[in-house]
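K.L.:
Just a sequence and a predicted model for now, questions to come.
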Amino acid sequence: STWGLPGQVMWNTAVHAEFIHDHADYGFETPGVKFNWRTIKEKRDAYVRRLNEIYENNVKKAHIDIIRGYGKFTSDPEPTIEVEGKKYTAPHILIATGGHPAVPPDSDVPGASLGMTSDGFFELEELPR
């Protein structure tokens, strides 16, 4: 799932919208306030890309090798991981598991197919009604 930081950005956006909604109760006049979904989507996506680049650069500066793929620890005597059929041995190994959202079948949860995962939410090009 991709909620994490992009989710926090969207939560903050919603908080700002709520504050604007309540401004009149506190004496503020905010006529004609408009929201641009495209702006927040582009800024959020750029923010996530920038953070990912920073994290990856820090890993490279620390001389850590990133090996992408499906991996598993082996029963070898030294710490060993096998990724896509190739074995790697190192004193320290970290498996970053990642993940993908799962949608249950409608037979288990009626209407589940009508829902949306966070991945789908972050791909939306327009603000849903």
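P.N.:
Right, received. Where do you want to start?

K.L.:
what are the phi and psi angles of T80?
P.N.:
Here is the backbone geometry of T80 (degrees, to the nearest 10): phi -140, psi 140.

K.L.:
Could I get the contacting residues of it?
P.N.:
73-74, 87-89, 93 (C-beta atoms under 8 Å, 6 or more residues apart in numbering). Quick note: C-beta positions are derived from backbone N, CA and C, even for glycine.

K.L.:
Closest one to D25 out of those residues, please.
P.N.:
For those, the minimum distance to D25 (C-beta to C-beta) is 55.6 Å, reached by I93.

K.L.:
And that closest one, how close does it get to P6?
P.N.:
28 Å (C-beta to C-beta, to the nearest Å).

K.L.:
that older thread, turn the contacts of T80 into a markdown table, columns for neighbour count and distance to D108.
P.N.:
Formatted as a markdown table, the contacts of T80 follow (neighbours: other C-beta atoms under 10 Å; distance: C-beta to C-beta, whole Å):
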| residue | neighbour count | distance to D108 |
| --- | --- | --- |
| F73 | 11 | 32 |
| T74 | 14 | 36 |
| K87 | 11 | 39 |
| Y88 | 14 | 39 |
| T89 | 12 | 42 |
| I93 | 13 | 36 |
